[in-house]
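> What would the 3D arrangement of this be:
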Amino acid sequence: MKLKKPLILAGGLTLLALGAWCTLLFVPKNNAEPYRLRIEKGQGIASASRALADKDIIHSRYVMLGTAYVLGIHDKLRSGSYKLPKTVSTWQILQRLKDGRPDTITIRIIEGMRFSQMRSIINQSPDLVHDTSKLSDAELLAKVAPDGEIRQPEGLFAPDSYEVDAGSSDLKLYQLAYQTMQRNLKSAWEERQSGLPYKNPYELLIMASIVEKETAHKDDREHVAAVFVNRLNIGMRLQTDPTVIYGMGAAYKGNIRKSDLQRDTPYNTYTRAGLPPTPISLPGKAALEAAAHPSNEKYLYFVSKMDGTGKSKFSHDLNEHNAAVREYILKKK
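Now for the predicted structure:
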């Protein structure tokens, strides 16, 4: 009988402790707002639980630590960002970490966008840490490519859909897009056809950016590239409106006038020979491939068919082109 009472007491205390532990583990805690838990590479449950306890997201750091060791996940946390709801239990958090599926977001950068538009999209994403938003274009590029020779960012970032961890730095997204473009451009340059009038990969990139702005129709890209390559080869000015528009900057209001074509800027290919000084957009892989592999046609002109297909009519000489203008633009045959 003497041993029975202490055993009963010990058992009761154990049940009480177990009940308290389960309460702290399973009962949700109501917080003011959702919380984003960021797990860095190599971070374990000790620092993660400390961060949650410091923000008063969990009832007990020690309950979280002990349960994590029992589950065997104390040192197996996958890096990334985990968004926790306002009402959440320690057990739910541990299960989320055990599953190892951090939140990701997709940022879509569309072919033909300008770098300024890319920056606007990234700056407006609420799920990124905006470490670069106050940097100038030159300062941002210096962080992305400190050893790069080009100091103007236009065209240097690949348009694509990028899946990144929510809560990650926007600088990582820029670095990813820059590295992707470097690979795409390197491939296009190394596989380019012979005899093209480009001195270096950057000139191929400039041409691709023009092709990207001139057509989105897959059947026309190689012919558009051929027109501009043929013009360069005979010393003819490119005379492409998208470069003029780019050079106008904020002065462009949606319409291009004859006076705009006559006003000289570094990007006005009606007043200046050769390629513009930089790309005018972010070209996709298809535009890069077209610039590297223009068609063998000797086209010198093209005009939109204005039929809703996005296709153009290509011509070998001015007489042919004028006839196409009458047919498709003036609607006269």
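
> my guess is residue 273 contacts residue 235, does it?
Yes - counting by Cβ atoms under 8 Å, residue 273 touches residue 235, with 6.9 Å between them. C-betas here are computed from N, CA, C, even on glycine.

> so who does the nearest residue to residue 218 once chain neighbours are set aside touch?
Once flanking residues are discounted, residue 218 sits nearest to residue 286: 6.6 Å by Cβ to Cβ, 6 or more residues apart in numbering. Listed by Cβ atoms under 8 Å, 6 or more residues apart in numbering, the contact partners of residue 286 are 111, 218, 221.

> ok, now which ones touch the residue nearest to the last one when sequence neighbours are not counted?
Excluding the flanking residues, the one nearest residue 221 by Cβ to Cβ, 6+ apart is residue 290, at 3.7 Å. Residues counted as contacts of residue 290 (Cβ under 8 Å, 6+ apart) are 208, 211, 221-222, 224-225.

> can I get those in JSON lines with distance to residue 147?
As requested, the contacts of residue 290 are arranged in JSON lines below (distance: Cβ to Cβ, whole Å):
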{"residue": "208", "distance to residue 147": "23"}
{"residue": "211", "distance to residue 147": "28"}
{"residue": "221", "distance to residue 147": "32"}
{"residue": "222", "distance to residue 147": "34"}
{"residue": "224", "distance to residue 147": "33"}
{"residue": "225", "distance to residue 147": "30"}
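
> taking those one by one, which sit in helices?
Among the contacts of residue 290, the members falling in helices (DSSP state H) are 208, 211, 221-222, 224-225.

> circling back to that earlier point, which one of residue 273 and residue 235 has more residues nearby?
Neighbour count, other Cβ atoms under 10 Å: between residue 273 and residue 235, residue 273 has more, with 11 against 8.

> quick one: contacts for the more buried one?
Contacts of residue 273 (Cβ under 8 Å, 6+ apart): 235, 237.

> Can you verify it is assigned to a helix?
No - counting by DSSP: H, G, I helix; E, B strand; the rest coil, residue 273 falls outside a helix, being coil.

> Tell me the one of the ones in helices among the contacts of residue 290 nearest residue 46?
residue 208 (50.2 Å; Cβ to Cβ).

> wouldn't that closest one be in contact with residue 293 here?
No - using Cβ under 8 Å, residue 208 is not in contact with residue 293, being 11.1 Å away.

> the more surrounded of the two?
Per other Cβ under 10 Å, whichever of residue 208 and residue 293 has more neighbours is residue 208, with 29 against 17.

> May I see the buried residues of the helix or strand where residue 119 lies?
Secondary structure assignment for residue 119, by DSSP states H and E: helix 115-123. Going by neighbour count (16 or more other Cβ atoms under 10 Å), the buried part of helix 115-123 is 115, 118-119, 122.

> Most neighbours among the ones in helices among the contacts of residue 290, please name it.
Ranked by neighbours (other Cβ under 10 Å), those are led by residue 211, which has 32 neighbours.

> my guess is that residue meets residue 284, correct?
No - assessed by Cβ under 8 Å, residue 211 is found out of contact with residue 284, at 9.8 Å.

> residue ranges with poor pLDDT in the protein?
By pLDDT under 70, the weakly predicted segments of the chain are 1-13, 332-333.

> what are the ranges of the strands in it?
When assigned using DSSP state E, the strands of the chain occupy the ranges 29-30, 35-39, 80-84, 87-88, 104-108, 161-165, 301-304, 312-315.

> out of the ones you listed, deepest packed?
strand 312-315 (a mean of 21; mean count of other Cβ atoms under 10 Å).

> Note down every partner strand of that one and its orientation.
Paired strands of strand 312-315, with direction, are strand 301-304 (antiparallel) (DSSP bridges).

> who touches the strand it pairs with?
By Cβ under 8 Å, 6+ apart, strand 301-304 touches 220, 223-224, 227, 310-318, 320-321, 324-325, 328-329.

> Quick one: buried ones out of these?
Buried, going by 16+ other Cβ under 10 Å: 220, 223-224, 227, 311-315, 321, 324, 328, out of the contacts of strand 301-304.

> Would you agree residue 240 is in contact with residue 212?
No - using Cβ under 8 Å, residue 240 makes no contact with residue 212, being 11.6 Å away.

> Give me the neighbour count for residue 42.
So residue 42, with other Cβ under 10 Å, has 9 neighbours.

> And the closest residue in space to it that isn't next to it in sequence, how close does it get to residue 131?
Among residues not flanking residue 42 along the chain, residue 79 sits closest, at 7.7 Å (Cβ to Cβ, 6+ apart). Remark: distance between residue 79 and residue 131 (Cβ to Cβ, to the nearest Å) = 18 Å.
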